[in-house]
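Student: Provided below are the primary sequence and the corresponding predicted coordinates.
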Amino acid sequence: MTPVELSRTVLCAVRRAVDSGELNVAVPARVVVTVPGPGGCGDYATNVALQLARPAGRPARQVAEILRPHIGGAAGVAGVEITGPGFLNISLGREASTALVADVLARGAGYGHGDALAGQVVELRVPYDTRAEVVADALVRIVATQGGRAEVRHVESGNPRSVLAPEHRGVRVAGPQNAHPEPRDPEPRHPEVRHPEPRHPEPRHPEVRHAEAGHPEPRHPEVRHAEAGHPEARHQEPRHPEPVNLRPVPAPEDPAPLGADAARWALLHPAPHDRPRISADHLVQRESNPLFRVRYAHARTRALLRNAAALGYTGAPGDVRDLDRAGDLLGALAEYPHALRVAAADRTPDRLARHLVVIADALLAVQHTVLPLGDEKPMAAHRARLALADAAGTVLAGGLSLLGISAPDHL
């Protein structure tokens, strides 16, 4: 059972409790399951009981007791425990880790993508600053993973100056002279399109009747405008209620001498309110360098695949619970969709960068147990461990790509 499937299972449990009259609440649209925090247990935890306590007019632990049998009776759930004020801690069957790894490998770079922002157009307002443009560039891709679309608008002294197309990667835009001129081309034509409509609404009626009568000609310009992202059509699309002003703390100096990958990491990894550190520390190949650990972990997974192929076997998803510290890596992989969703919703690519470090550290802690040692023959356990490492490398490569950073197979 994958985290997405478990979330649906918990949601179904809430619905059954409501249908049976045990709870008198509105069924939430979605339920979040995460890795248990301090004091928790099991494979996953959810705070749905705390979320429903107030509307139900009951203590959270009482709500948790009501939901517990509904969740525990679901297929694939081995047990449910209640901790703290009412957290539901869920233990899955042995097949859960197999399903998670298989899901990652099947989805590939698309693992963690969802529809949390489906239909939304997020307007990102950024100053002409290198860090702000790099953050906006990453957010364009991150928002797209959740079904949304980000449009970058440069502002100067608080006034919008130019609109960049959604597919534009604006990291090299240093001033108004470098902004794309294309969006300004249709501006002289806007009054010609808009003025006749409000001043003379009558001519629009025959066009509507023509469309009903099967005359396609009047509709063609309107369809093309909407598909091409014409400004008049965009006003009719769902849009984020408020523009997002991206004003992270600027870099103290030009990060370009670090190279593209290290420069982007130096600007994206810190939280927006933290001043980025521009130094050669981002280039050293040491454990103290988070970027090195992430890229090295990915390179190690590719090396493990090559070495396994030389030994004549490939990975296959299976049970890895007997592997020490495998739970940390499985939990980090399961948490990745949530981290990606939060990064898109909160416009914080640093959230994604930090989670990639968590995955890398968890992978590096177990990578030495993946291959057979000495005269040991490859067994099912080795194939399962190799598949787990492959899944970790897949997620690391996908996450780095969203940040605009390369993931080399050799490092």
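Tutor: Alright, I've got the coordinates. A quick note: this is a predicted structure, and the numbers were derived from the prediction, not measured. Numbering: from 1, shown residues only.
Student: for the rest of this, base every contact and every neighbour count on C-alpha atoms.
Tutor: Will do.
Student: residue 353: neighbouring residues, count only.
Tutor: Other residues lying near residue 353 total 26 when counted by other Cα atoms under 10 Å.
Student: ugh, typo on my part, it should be residue 410
Tutor: Count around residue 410 with other Cα under 10 Å applied: 11.
Student: that one touches residue 297, doesn't it?
Tutor: No - counting by Cα atoms under 8 Å, residue 410 does not reach residue 297; the two are 10.5 Å apart.
Student: can you list residues touching both of the two?
Tutor: Counting by Cα atoms under 8 Å, 6 or more residues apart in numbering, residue 410 and residue 297 have no contacts in common.
Student: the bottom helix or strand of the chain by mean pLDDT?
Tutor: Within the chain, no helix or strand scores below helix 220-227, which has a mean of 38 by mean pLDDT, DSSP states H and E.
Student: so which helix or strand takes in the residue most central in space within the chain?
Tutor: In the chain, the centroid-proximal residue (Cα atoms, centre = their mean) is residue 340; its distance is 2.2 Å. Using DSSP states H and E, residue 340 sits in helix 326-345.
Student: now do the following helix or strand past that helix against helix 326-345, angle only.
Tutor: Per DSSP H and E, the first helix or strand lying C-terminal to helix 326-345 is helix 349-366. Interaxial angle of helix 349-366 relative to helix 326-345 (axes from the mean of the first three to the mean of the last three Cα atoms, to 10 degrees): 170 degrees.
Student: return the alpha-carbon coordinates of the helix or strand just after helix 349-366 using PDB.
Tutor: Remark: after helix 349-366, the chain's next helix or strand is helix 380-402, criterion DSSP H and E. The C-alpha trace of helix 380-402 is given here as PDB (Å, rounded to 0.1, in the frame of the first residue of the first chain):
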ATOM      1  CA  ALA A 380      15.900 -12.300  -3.300                       C
ATOM      2  CA  ALA A 381      16.900 -10.000  -0.500                       C
ATOM      3  CA  HIS A 382      19.700  -8.500  -2.700                       C
ATOM      4  CA  ARG A 383      17.300  -7.900  -5.600                       C
ATOM      5  CA  ALA A 384      14.800  -6.200  -3.200                       C
ATOM      6  CA  ARG A 385      17.600  -4.000  -1.800                       C
ATOM      7  CA  LEU A 386      18.800  -3.100  -5.300                       C
ATOM      8  CA  ALA A 387      15.300  -2.100  -6.300                       C
ATOM      9  CA  LEU A 388      15.100   0.100  -3.200                       C
ATOM     10  CA  ALA A 389      18.400   1.800  -4.100                       C
ATOM     11  CA  ASP A 390      17.100   2.300  -7.600                       C
ATOM     12  CA  ALA A 391      14.000   3.900  -6.300                       C
ATOM     13  CA  ALA A 392      16.000   6.300  -4.200                       C
ATOM     14  CA  GLY A 393      18.200   7.200  -7.100                       C
ATOM     15  CA  THR A 394      15.100   7.800  -9.200                       C
ATOM     16  CA  VAL A 395      13.600  10.200  -6.700                       C
ATOM     17  CA  LEU A 396      16.900  12.000  -6.200                       C
ATOM     18  CA  ALA A 397      17.300  12.600  -9.900                       C
ATOM     19  CA  GLY A 398      13.800  13.800 -10.300                       C
ATOM     20  CA  GLY A 399      14.000  16.200  -7.400                       C
ATOM     21  CA  LEU A 400      17.400  17.600  -8.600                       C
ATOM     22  CA  SER A 401      15.900  18.100 -12.000                       C
ATOM     23  CA  LEU A 402      13.000  20.200 -10.600                       C
END
